[in-house]
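Trainee: Sequence and predicted model, in that order:
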Amino acid sequence: MSINLQQLKQTQLSLANQVRLSDDFNEPINFIGGTDVGFEDGGNITRAAIVVLSYPEFSVVEYHVARLKTEFPYIPGYLSFREYPALLAAWQQIKQKPDLLLVDGQGFAHPRRLGIASHLGLLLDMPTIGVAKKRLCGQYETLPKQAGNVTPLLDKQQQIGWVLQSKNNCNPLFISAGHRVSQASALKWVNLCLRGYRLPEPTRWADAIASNKSLFKKFLNEK
DNA sequence: GCGACAG
DNA sequence: ATCTTGTCGC
């Protein structure tokens, strides 16, 4: 069974037409979710973690990890087809659905405007924001290493997201609206979720849970 | 044709 | 993403 990228490309273009970049979520925000995906067994197993935090306390309310057999390779621009099955499995177990979901990876800042944050947002019909550690496409001006600096991420004369210096002397984050969230709110909510670390709390916790890092181990012991 | 390329 | 110790800088 081979992969038809031309077909998937059309699927992305079609789905991108359904993405809405205007704010459509409950306020005030009481719960914010975060996602992260990792791999095991040389990539044969996909491990997705979704965490729900209370806002503005950022205390862990719920989390789930789903492990599925990997069915799709990593192809730049087609990441969502590789990761969304496991994310959907983890999502089905979440009881307290969040008001907003921060997804690891691009949202609108994608060649066809359908990064994983947008794709997942459509599949779940949830407000989502893309938080990526690297650039996929677009250009931006170099920004000072001082936390708080922001510059637009541009592609073909249009703003597709933001480049945010979330912490001093760290590589910037690439923020973009996913679905049912405006570009302005995407940046605003990521900033509201920063607590002195490069990654916003929801993403930071999802990463810790997915990779069983010290932050998560410490959390389990104190419980 | 050449280089870039989320996780 | 993942394989992996120490090490430099804030």
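Mentor: Yes, it's here.

Trainee: Quote the end-to-end distance of stretch A:101-108.
Mentor: Stretch A:101-108 has its terminal residues 15 Å apart, counting by C-alpha to C-alpha, to the nearest Å.

Trainee: One more: stretch A:106-114?
Mentor: Taking C-alpha to C-alpha, the span from the opening residue of stretch A:106-114 to its closing residue is 8 Å.

Trainee: Is any residue of that stretch near DNA strand C?
Mentor: No: Stretch A:106-114 lies out of reach of DNA strand C by C-beta under 7 Å from any atom of the strand, never closer than 12.7 Å. In short, each C-beta sits where N, CA and C put it, glycine included.

Trainee: average model confidence for that stretch?
Mentor: Over the span of stretch A:106-114, the pLDDT mean works out to 98.

Trainee: Can you give the contact residues for that stretch?
Mentor: Defining contact as C-beta atoms under 8 Å, 6 or more residues apart in numbering, one finds that stretch A:106-114 is touched by A:9, A:12-13, A:15-16, A:19, A:21, A:77, A:80, A:115-118, A:121, A:128-130, A:132, A:135-138, A:153, A:155, A:160-161, A:174, A:176-179, A:183, A:186.

Trainee: Please apply the same query to stretch A:154-169.
Mentor: A:106-110, A:113, A:130, A:135, A:137-140, A:143-153, A:172-177, A:183, A:186-187, A:190-191, A:194, A:196-200.

Trainee: Leaving out sequence neighbours, find the closest residue to A:Glu27.
Mentor: Taking C-beta to C-beta, 6 or more residues apart in numbering as the measure, A:Glu27 lies nearest to A:Asp99, with 7.8 Å between them; neighbours along the chain are not counted.
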